[in-house]
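Q: Sequence and predicted structure are below.
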Amino acid sequence: MRPGLHADCGSFSGRVHDRYQRRLKDLPLAEQGFVIRLTVRRFDPYKPYLESRFTEGCTSVTRLHGELLADNAPVTYQMVRAHIATLRRTPADAAPLPPSVRQVTGWLTRHPTALTEDDRAGLKGILARCPELDTASRHVREFGEILTGRLGATLPTWIDAVDAGQLPGLTGFALHLLRDLDAVTAGLTLNWSSGSIEGAVNRIKKIKRQLYGRAGFELLRKMILLQ
């Protein structure tokens, strides 16, 4: 089999010219001529090198393009940039993304029985890497038990334990409870709640905002009584 000639330049296919179609008309088959069309991409031989360098941590298009030019590679800057953009969108063998702050917060504040197996595994990995977060998680669980079990009498002990740990955010929350400790303790102990009263106040405020600048007190009074 003789190497075919390029249809445009007339030279043999000893090198990759560009992206084009080649036609080989010198190969008879049963005394009948046929046409073979090949699409050649001059950039494909250099993709493995770029993928290897990208995996090593080199993501600079300018640097990678310069390395290829140093090896006399017939590639352009736009070719390298387009391929690197593809690798950035779908990196090969990339490590899984770490959980977001919102995810970790949800793992810490939700009841343990509400967590899935993946959530428990993710939380366990996070707590193993951060002792401070492990301590904060324990305090959050204890406060949840106080809240759901109406164990308001143990609140001062919990506040002292959190204050001793000096954890940012959580310590400030615990110390602010001391400003009105009696009311907080009563709310975490007694069965009575002011939730219904707060709901009625919010309903009145909503009606007032709807009628702001449109009517007087008499209409506001009628709407509150009728709704």
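A: Okay, I see it.
Q: which stretches of the chain have low pLDDT?
A: Applying pLDDT under 70 to the chain picks out residues 1-41, 90-96.
Q: hey, where'd the helices end up in it?
A: Assigned by DSSP state H, the chain shows helices spanning 47-56, 61-70, 77-89, 101-109, 117-129, 131-149, 155-165, 170-177, 181-187, 195-210, 217-226.
Q: Any chance of CSV for those helices, columns mean neighbour count?
A: Every C-beta, even on glycine, is put in place using the N, C-alpha and C of the backbone. CSV is the format used below for these (neighbours: other CB atoms under 10 Å):
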stretch, mean neighbour count
helix 47-56, 14
helix 61-70, 15
helix 77-89, 15
helix 101-109, 14
helix 117-129, 13
helix 131-149, 15
helix 155-165, 15
helix 170-177, 15
helix 181-187, 13
helix 195-210, 10
helix 217-226, 11
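Q: Relative to W158, how far out is the residue nearest the centre of the chain?
A: Central residue of the chain (CA atoms, centre = their mean): S100, 6.1 Å from the mean position. Distance from S100 to W158, counting by CB to CB, to the nearest Å: 28 Å.
Q: for S52, same thing?
A: 55 Å.
Q: what's the burial count for the nearest residue to R141 once chain neighbours are set aside?
A: What sits nearest to R141 in space, not counting adjacent residues and going by CB to CB, 6 or more residues apart in numbering, is P112, at 7.7 Å. Neighbour count for P112, taken as other CB atoms under 10 Å: 11.
Q: how much space between P112 and P156?
A: P112 is 25 Å from P156, by CB to CB.
Q: With E198 instead?
A: E198 is 26 Å from P156, by CB to CB.
Q: How about T116?
A: 35 Å.
Q: So what touches stretch 163-176?
A: Here stretch 163-176 makes contact (CB atoms under 8 Å, 6 or more residues apart in numbering) with E132, T135, A136, H139, V140, W158, I159, V162.
Q: Kindly present these as TSV, with separate columns for distance to A121.
A: Shown next, in TSV, are these (distance: CB to CB, whole Å):
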residue	distance to A121
E132	20
T135	20
A136	19
H139	22
V140	19
W158	28
I159	32
V162	27
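Q: L177: which of the residues you listed is nearest?
A: L177 has its nearest neighbour among these in I159, at 6.2 Å by CB to CB.
Q: From what I see, that closest one and L178 are in contact.
A: Yes: counting by CB atoms under 8 Å, I159 does reach L178; the two are 6.6 Å apart.
Q: Could you name every residue contacting both of those two?
A: With CB under 8 Å, 6+ apart as the test, I159 and L178 reach no residue in common.
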